[in-house]
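Q: sequence unknown, structure follows:
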């Protein structure tokens, strides 16, 4: 006797997933970008993660940097300023500064060349920049 003929088909329902609470990074985040930021001194990686978070939340590669959010990551205002400068010098970001305002930062897309544990910028594929490190809004 074949018992399969008496089996009642049951609909397959997806397992309900619990909605997670809290803040998350939105990907994809280029691992090369993070590795390059991680090799810089000070709090550059922390600031880089803050920038990637803001970029994901705002769905834009151009964000207004938040010193208060950086402080949630344990980065003081002056350290954040130095980290932004280091990220800009490495070519990972472009910054437009204004007097009395938080800087507007554009995360750069790029191709890097890795050689023996050091990362060097080869080509920036971001938008055009204006003289003096500023960029068009």
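A: That came in fine, so what should we check first? This structure is a prediction, so every number in the text was calculated from the model and none was measured. Numbering: from 1, shown residues only.

Q: make it CA atoms for all contacts and neighbour counts henceforth
A: OK.

Q: the helices in the chain, which residues?
A: With DSSP state H as the criterion, the chain has helices at 31-38, 44-58, 67-72, 77-90.

Q: Need those helices in a markdown table (columns: mean pLDDT).
A: Formatted as a markdown table, the helices of the chain follow (pLDDT from 0 to 100):
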| stretch | mean pLDDT |
| --- | --- |
| helix 31-38 | 91 |
| helix 44-58 | 94 |
| helix 67-72 | 92 |
| helix 77-90 | 96 |
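
Q: Can you say which of those helices is packed in most?
A: With neighbours taken as mean count of other CA atoms under 10 Å, the helices of the chain reach their highest mean count in helix 44-58, at a mean of 21.

Q: Remind me what that one packs against, helices and strands.
A: Helix 44-58 sits against helix 31-38, strand 62-64, helix 67-72, helix 77-90, with contacts defined as 3 or more CA pairs under 8 Å, 6 or more residues apart in numbering; DSSP states H and E.

Q: That one vs helix 77-90, what angle?
A: Angle of helix 44-58 versus helix 77-90, following axes from the mean of the first three to the mean of the last three CA atoms, to 10 degrees, is 90 degrees.

Q: got a list of contacts for helix 44-58?
A: 24-27, 29, 34, 37-38, 61-63, 65, 69-70, 73, 75, 80, 83-84, 86-87, 107 (CA atoms under 8 Å, 6 or more residues apart in numbering).

Q: same thing with stretch 19-30?
A: Defining contact as CA under 8 Å, 6+ apart, one finds that stretch 19-30 is touched by 52, 53, 56, 57.

Q: at 10 Å what do you get?
A: 49, 50, 52, 53, 54, 55, 56, 57, 59, 109, 110 (CA atoms under 10 Å, 6 or more residues apart in numbering).

Q: what about it, start to end distance?
A: Terminal residues of stretch 19-30 lie 26 Å apart, using CA to CA, to the nearest Å.

Q: All set, thanks.
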